[in-house]
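In: Predicted coordinates and the sequence they were generated for:
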Amino acid sequence: MNYREFRYRRLKEFLHAVRNNKMALVGSLTLLFFLLVAIFGPIFVPFSTLEFGEVEDMLLPPGGEHLLGTDDMGRDVLANLISGARISLLVGVLATAISMVIGCAIGIVSGYFGGRIDQLLMRFTDFFLVIPWLPLMMVLAAVLGTNIWNIILVIGITSWPGSARVVRSQTLSVKERQFVERTVSIGASSGHIMLRHILPNVFPLVFANTVLVAAIAITSETTLSFLGLGDPSQASWGMMLHYAFESGAASAGAYWYYLPPGFCVVAVVLAFTLMGYAFDEILNPKLKNR
Amino acid sequence: MKSKRIFIKIIYAVITIFAVLVFNYFLFRVLPGDPLAVLARNPKASPEMLEATRRLFGLDQPWYVQFFQYFKNMLTGDLGTSYYFRQPVASVIGSRIMPTVIMVGLAEVVAIILGIAMGVVAAWKRGTKLDLGTLGFSLITYSMPTFWLGMVLVVIFSINLHLFPTSGILTPGMTYPTIAAMLADYIRHLIMPMFTLSIVLFGEYALTMRNTLIDVLSEDYITTAKAKGFSNGYVLRKHAMPNAMLPMVTIIAMNLGLVVAGTIQVETVFSWPGLGSLMYEALKARDYPLLQGVFLLVTVSVVIANLIADITYSYIDPRVKD
């Protein structure tokens, strides 16, 4: 068969393995659910997420018009929850993309060239790995400002070191494969090899790590928002929890306000984590025998 | 020679700390706007006064002079003056260190002991409900935002069951007849934040212990030991555990980022007056000198802790070559 058929067959095998793996199944179905909610949800719950409600509408328990009650500003909790799904997934995906792009670039270059470049880049990476992530994120967010794009950027640039290390170690092993030596011997440039040969082969192995980075990204956004560094104009789950905490919803017994966003975050992060471990199992045959 | 390797590690840690200092400096100088903007908003502030203040804080010097001044200050322990507290940053930080050390220290100890215990049990009874339960619990607490866990626990234990106070370090306005009474109140306030942090850390330790022990138990020398006739308990204690404990040191060091993140959140939720909540307050007040100081302290602590863990590991693992 030719290369295209080979790739197609590999993809089908992968999807088959995913379907058989319980963790991956649970994870991907959960994420699919949240994705659908994020895209189509607002159609079913047409309340505004940001406009203040009437005074008598504040902190209503679930029931009637408001399936999950209202928050301390009279806004519908379910509508905010759905909007939160959008924001959290968006932040997760974009921040992960940034992290992986930088991580792959540095990891592949470092692993492929080796020597001085490798040493230098890895020292640089290690420096960022040592700095504890939350203080760094807090400080960067304080300096850069709290709109949603800055948050995505901050999360992306604080999580690339982990990805870079994983990509580098995979590059080291891919580099030793025969086809690389052959490509070099016919005179291909380093850039071409890295981009067209190393990268496609490294990516499946790094995919599991990508999913785990997404989990961390969503947790980070939630935590930053809770600490007051989120974008106030976006109703993410973290911001909901921030307002819930600030307004004392816990002591007021308004469980419908602070429990649902938390459950959603746990569900989504858990889904990503399960998928990450499952993909690791599938794509990394050494682990199969655990 | 081992001491040469250790020396290199120490040098490298010093370089890292130096890099952190530089990074810290430039990070806060990148701030848009004038540091004196707050003062300038006061309509009574004359241009002469602004100039005098500028000179007082050395802000009129070229950046490299300010840079050297910064380093000189760092080395003498002068971390600047907090905008919000109007005290030297160093003394503000000093007053908040102990609560954090106590809470985090105890939380780590509890998490490590329970984590190792549960990890061993889970590995030994692999595949049973106990094992899967531990795995599930670890996974779920790992996916939970720490502050949310704190909020939920507060609702259950403090608000509904009235077992523990919701926040603070001592009951406000209380007078204590004896030191023991004050200690008792302190401990009552300590339990919730400490417990929350422990739960967050426990998952990682239990999981690592379990996986490491499973790997170790599949090694040949374990089979040999059993074939020699030793009891399971003996094999576990004398052969398996010592080898399984090694990665724990590494994990404890690698977990420090999580510990810092967890501490900031837990202290904020429970209003525990430590460094974590100090960072949160500094952030809220946009108190940059204080923020810078706490960030520096936390980062340098993590670097040093990593160094100690690294050196300790090279002593306890006989496979680490000289």
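Out: Nice, thanks for sending it over.
In: Only C-alpha atoms from now on, for both contacts and neighbour counts.
Out: Will do.
In: Can you report how many residues lie near B:Gly119?
Out: 28 (other CA atoms under 10 Å in any protein chain shown).
In: neighbours of A:Ile152, just the number please.
Out: 25.
In: quick one: contacts for it?
Out: Residues in contact with A:Ile152 (CA atoms under 8 Å, 6 or more residues apart in numbering or on different chains) are A:91, A:94-95.
In: what about burial for those, which qualify?
Out: A:91, A:94-95 (16 or more other CA atoms under 10 Å in any protein chain shown).
In: helix or strand for the residue of the stretch 201-322 of chain B found nearest chain A, which one?
Out: Residue of the stretch 201-322 of chain B nearest chain A, by CA to the nearest CA: B:Gly257 (4.5 Å). Using DSSP states H and E, B:Gly257 falls within helix B:256-270.
In: by contact count, what packs against that helix?
Out: When contacts are defined as 3 or more CA pairs under 8 Å, 6 or more residues apart in numbering or on different chains; DSSP states H and E, helix B:256-270 sits against helix A:133-144, helix B:89-124, helix B:146-153, helix B:179-217, helix B:275-284, helix B:288-316.
In: Repeat the analysis, applying 6 Å as the threshold.
Out: helix B:275-284 (3 or more CA pairs under 6 Å, 6 or more residues apart in numbering or on different chains; DSSP states H and E).
In: Can you list the residue ranges for strands in chain A?
Out: Shown for chain A, no strands are assigned by DSSP state E.
In: just to revisit the earlier point, could you list every residue that touches the residue of the stretch 201-322 of chain B closest to chain A?
Out: Contacts here follow CA atoms under 6 Å, 6 or more residues apart in numbering or on different chains; on that basis B:Gly257 touches A:Pro132.
In: Then A:Pro204?
Out: Going by CA under 6 Å, 6+ apart, A:Pro204 touches no other residue.
In: So for it, what's the pLDDT?
Out: For A:Pro204, the pLDDT comes out at 78.
In: Against B:Leu307, how distant is it?
Out: According to CA to CA, to the nearest Å, A:Pro204 and B:Leu307 sit 34 Å apart.
In: Spatially central residue in chain B, please.
Out: For chain B, the residue sitting closest to the mean C-alpha position, by CA atoms, centre = their mean, is B:Val260 at 3.1 Å.
In: Excluding chain neighbours, give the residue nearest to that one in space.
Out: By the measure of CA to CA, 6 or more residues apart in numbering or on different chains, the closest residue to B:Val260 outside its immediate chain neighbours is A:Pro132, 6.8 Å from it.
In: and that neighbour, backbone torsions?
Out: Backbone torsions of A:Pro132, given as degrees, to the nearest 10, read phi -60, psi 130.
In: what do you get for B:Ile140?
Out: Taking degrees, to the nearest 10, you get phi -70, psi -40 for the backbone angles of B:Ile140.
In: Give me the residue ranges of the stretch 151-290 of chain A where confidence is low.
Out: Across the stretch 151-290 of chain A, the ranges flagged by pLDDT under 70 are A:284-290.
In: quick one: the residue nearest to B:Met192 when sequence neighbours are not counted from chain A, how far?
Out: The shortest distance from B:Met192 to any non-neighbouring residue, by CA to CA, 6+ apart, is to B:Phe164 (7.1 Å). Separation of B:Phe164 from chain A (CA to the nearest CA, to the nearest Å): 14 Å.
In: any idea how far B:Phe164 lies from A:Gly248?
Out: Look at B:Phe164 and A:Gly248: by CA to CA, they are 17 Å apart.
In: just to revisit the earlier point, and which of the contacts of A:Ile152 is nearest B:Tyr176?
Out: Set against B:Tyr176, the nearest of the contacts of A:Ile152 by CA to CA is A:Val91 (49.9 Å).
In: That closest one: what's it in contact with?
Out: Here A:Val91 is in contact with A:Ile152 (criterion: CA under 6 Å, 6+ apart).
In: need the contact list for A:Met239.
Out: With contacts defined as CA under 6 Å, 6+ apart, A:Met239 is in contact with A:225-226.
In: before we move on, back to that, and the helix holding B:Gly257, how far out from the chain middle?
Out: 7 Å (CA atoms, centre = their mean, to the nearest Å).
In: again with stretch B:299-309
Out: Once both centres are worked out by CA atoms, centre = their mean, stretch B:299-309 turns out to sit 11 Å from its chain's centre.
In: what residues does that stretch touch?
Out: Contacts for stretch B:299-309 (CA under 6 Å, 6+ apart): A:131, B:253.
In: then that stretch to PDB, C-alphas only?
Out: The C-alpha coordinates for stretch B:299-309 follow below in PDB (Å, rounded to 0.1, in the frame of the first residue of the first chain):
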ATOM      1  CA  THR B 299      11.000  30.900  44.000                       C
ATOM      2  CA  VAL B 300      14.300  30.900  45.800                       C
ATOM      3  CA  SER B 301      12.900  28.500  48.400                       C
ATOM      4  CA  VAL B 302      11.800  26.100  45.600                       C
ATOM      5  CA  VAL B 303      15.200  26.300  44.000                       C
ATOM      6  CA  ILE B 304      17.000  25.500  47.300                       C
ATOM      7  CA  ALA B 305      14.500  22.700  48.100                       C
ATOM      8  CA  ASN B 306      15.100  21.200  44.700                       C
ATOM      9  CA  LEU B 307      18.800  21.400  45.300                       C
ATOM     10  CA  ILE B 308      18.500  19.700  48.700                       C
ATOM     11  CA  ALA B 309      16.300  16.900  47.200                       C
END
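In: Show me what counts as buried in that stretch.
Out: Buried residues in stretch B:299-309 (16+ other CA under 10 Å): B:299-300, B:302-307, B:309.
In: Most widely separated two among those?
Out: The most distant members of the buried residues of stretch B:299-309, if one measures by CA to CA, are B:Thr299 and B:Ala309, lying 15.3 Å apart.
In: Quick check: the residue nearest to B:Thr196 when sequence neighbours are not counted vs chain A, distance?
Out: Spatial nearest neighbour of B:Thr196, chain neighbours left out: B:Gly150 (5.9 Å); criterion: CA to CA, 6+ apart. Counting by CA to the nearest CA, the gap from B:Gly150 to chain A is 11 Å.
In: Ok, B:Phe18 next?
Out: To chain A, B:Phe18 is 11 Å away according to CA to the nearest CA.
In: Could you verify that that residue is part of a helix?
Out: Yes. Counting by DSSP: H, G, I helix; E, B strand; the rest coil, B:Phe18 is found in a helix.
In: okay, now it: neighbour count?
Out: Using other CA under 10 Å, B:Phe18 has 14 neighbouring residues.
In: swap in B:Gly133?
Out: 13.
In: for the one 3 residues further on, same thing?
Out: When counting by other CA under 10 Å, one arrives at 14 neighbours for B:Gly136.
In: ok, now how distant is it from chain A?
Out: 10 Å.
In: Look up phi and psi at that residue.
Out: With angles defined as degrees, to the nearest 10, B:Gly136 shows backbone torsions of phi -60, psi -50.
In: Local confidence estimate at it?
Out: So, for B:Gly136, pLDDT stands at 89.
In: again, but for A:Gly103
Out: pLDDT, read off for A:Gly103, is 91.
In: List the contacts of the residue lying closest to it once chain neighbours are set aside.
Out: Leaving out its chain neighbours, the residue that sits closest to A:Gly103 by CA to CA, 6+ apart is A:Ala164, at 3.9 Å. Residues in contact with A:Ala164 (CA under 6 Å, 6+ apart) are A:103-104, A:107.
In: who wins for neighbours among those residues?
Out: A:Gly107 (29 neighbours).
In: Alright, calling it a day.
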